[in-house]
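# Here is the input, now give the coordinates:
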Amino acid sequence: MVFKKIKKGISNLMSGSDDEAEYIEIDLGQEVKKSKIMVKPFILKKFEDINTILNSLREGYTIAVIDIKPLKSKDLIELKRAISKIKKTADALEGDIAGFGEGTIIVTPQFAEISKMPAKISEDRELDLRER
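Numbers count the residues shown, from 1 in each chain. This is a model prediction of the structure:
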């Protein structure tokens with residue numbers, strides 16, 4: 001329908017027709033996509049598992065929580081290779097990456113930042129936690 005109007009307008013211009021000019025309004029923002037931020041858990045069992053992680057990160061709306069324990073117990077060299085590749089992708093996407101504990105890595109897109117300093121809790125709260 002829109003293309004017919006465009007074609008008619010162009011043919012009027014080419015033929016020199018001085019009829020009343022007809023303007024066409026085209027709404028290019030018709031496909032408004034609402035995106036939610038997804039926090040997705042991943043398990044890194046072998047090096048090839050990073051492909052699904054990297055594809056999710058490239059979408060731009062995924063925070064990846066990666067369990068690296070299975071690969072760590074199997075092959076440390078492959079784990080280092082996988083983490084290196086994930087880190088390069090995070091850097092290219094201007095994202096952030098951090099390790100939590102011995103077996104978890106979190107990777108975020110550019111709009112999220114990971115605090116790398118542990119939060120301090122008040123002494124009262126710390127004592128309350130010890131008593132339990």
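
# quick one: average pLDDT of the helix of greatest length in the chain?
If each helix of the chain is counted by residues according to DSSP state H, the longest one is helix 76-92. Per-residue pLDDT over helix 76-92 has a mean of 92.

# Likewise for stretch 42-57?
92.

# what's the neighbour count on the nearest residue to residue 116 once chain neighbours are set aside?
In space, and not counting its chain neighbours, residue 116 is closest to residue 98: 5.6 Å by Cβ to Cβ, 6 or more residues apart in numbering. C-beta here means a position set from N, CA and C on the backbone, and glycine is covered the same way. Per other Cβ atoms under 10 Å, the neighbour tally for residue 98 reads 14.

# Now do the contacts for residue 98.
105, 106, 114, 116 (Cβ atoms under 8 Å, 6 or more residues apart in numbering).

# where's the third one relative to residue 47, distance?
Relative to residue 47, residue 114 is positioned 24 Å away (Cβ to Cβ, to the nearest Å).

# and what of the first one?
Counting by Cβ to Cβ, the gap between residue 105 and residue 47 amounts to 14 Å.

# Quick check: pLDDT value at residue 114.
On pLDDT, residue 114 comes in at 81.

# Could you do residue 8 as well?
70.

# wait, is it part of a helix?
Yes: according to DSSP: H, G, I helix; E, B strand; the rest coil, the state of residue 8 is that of a helix.

# how many other residues sit next to it?
Close neighbours of residue 8, defined as other Cβ under 10 Å, add up to 13.

# Export the contacts of residue 98 as a markdown table, with columns for secondary structure.
Formatted as a markdown table, these follow (three-state DSSP):
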| residue | secondary structure |
| --- | --- |
| 105 | strand |
| 106 | strand |
| 114 | coil |
| 116 | coil |
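
# Make a PyMOL selection of the buried ones in those residues.
Under the burial definition 16 or more other Cβ atoms under 10 Å, those of the contacts of residue 98 that qualify are selected in PyMOL by:
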select buried, resi 105+106
